[in-house]
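J.: Need the 3D shape of this:
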Amino acid sequence: MEVTIIYMKDDVCHFLIEGVDVAFANALRRTMLTRVPSMAIDEVLILENTSVMYDEMLAHRLGLIPLVTPLEDYNHPDECDCEGKGCSLCQCTLTLEVEAEGEEKLVYSGDLMSQDPKVVPASDKIPLVKLAPGQRIIIEAYARLGTGRENAKFQPVSTVAYKYVPVVSIDTKACDRCGVCVEICPKKIFRLEGDVLSTQNTLECSLCELCVKECEPNAITIDSKPDSFLFKVESTGALEPTVIIEKALDILKERIRIALDFANLL
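T.: Residues are numbered from 1 along each chain as shown. As a prediction, this is how the structure comes out:
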């Protein structure tokens, strides 16, 4: 198995994985979605809320705020010495105290104050509630590690998808260089210079086969590599994409080892 980073910017990563089958690719996708841990607000204590928003709705919004997660600093509650009762090793406290005085005030995720400077909202521009003059909210919230298997709010990725690596071939004898493929391709992977038709950025091909249908028979063929997949991963900001990928591979490797050990016992 070989992994190659194709594109990396901020919270987005495109990578190529080779030497695996579709079952492994899908298992990796599901692992990133459901088994890589990240932090999210799980309990909310509302001490005062005079806004028009119900307590439950406000708590729900707080739970959906992605939190930057230092994985090495916190234990999962089930694995902590406190047995999940809540301590500094498995739980982080965040507080929110805002009052609108002379005019309306929009409360953002950046107004949350964390006891751990490493555990902060991934974005400070997420709107929570609008306060009218004189309204106030005082909240104490508790964040912990969790996985997507428990709740979607713990998923560290907003998008994770894969596709087969396309193989685009041009038969120079059957192709009449009419240029239709250049115009019709939504991903602009064909280029016609004079009487020379070539391809570019073939990884962007969506396998729609519009070019195959519009061109001369057998002029263009589109196939895919059976053991190569192109992944697109977008993080919520809780973890860096490379950390998500590495953690998912480690988790998947350990699950395979356990499965093989169990099979050997049968």
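J.: On the three-state scheme, the spatially closest residue to residue 32 that is not a sequence neighbour is what?
T.: Nearest non-adjacent residue to residue 32, counting by C-beta to C-beta, 6 or more residues apart in numbering: residue 248, 4.5 Å away. Bear in mind the C-beta positions are built from the backbone N, C-alpha and C, glycine included. Three-state assignment for residue 248 (DSSP: H, G, I helix; E, B strand; the rest coil): helix.
J.: and the host helix or strand of residue 181, which residues are buried?
T.: Using DSSP states H and E, residue 181 falls within helix 180-184. Judged by neighbour count (16 or more other C-beta atoms under 10 Å), helix 180-184 contains these buried residues: 180-181.
J.: What are the contacting residues of that helix?
T.: With C-beta atoms under 8 Å, 6 or more residues apart in numbering as the test, helix 180-184 has contacts from 188, 190-192, 197, 210-211, 214-215, 220.
J.: For it, output the C-alpha coordinates as PDB.
T.: Presented in PDB, the C-alpha positions along helix 180-184 are these (Å, rounded to 0.1, in the frame of the first residue of the first chain):
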ATOM      1  CA  VAL A 180     -16.100  18.000 -29.400                       C
ATOM      2  CA  CYS A 181     -14.500  16.300 -26.400                       C
ATOM      3  CA  VAL A 182     -12.700  19.500 -25.500                       C
ATOM      4  CA  GLU A 183     -15.900  21.500 -25.400                       C
ATOM      5  CA  ILE A 184     -18.200  18.900 -23.800                       C
END
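J.: for the next helix or strand after it, packing partners?
T.: Once helix 180-184 ends, the next helix or strand along the chain (criterion: DSSP H and E) is strand 190-193. Counting by 3 or more C-beta pairs under 8 Å, 6 or more residues apart in numbering; DSSP states H and E, the packing neighbours recorded for strand 190-193 are helix 180-184, strand 196-199.
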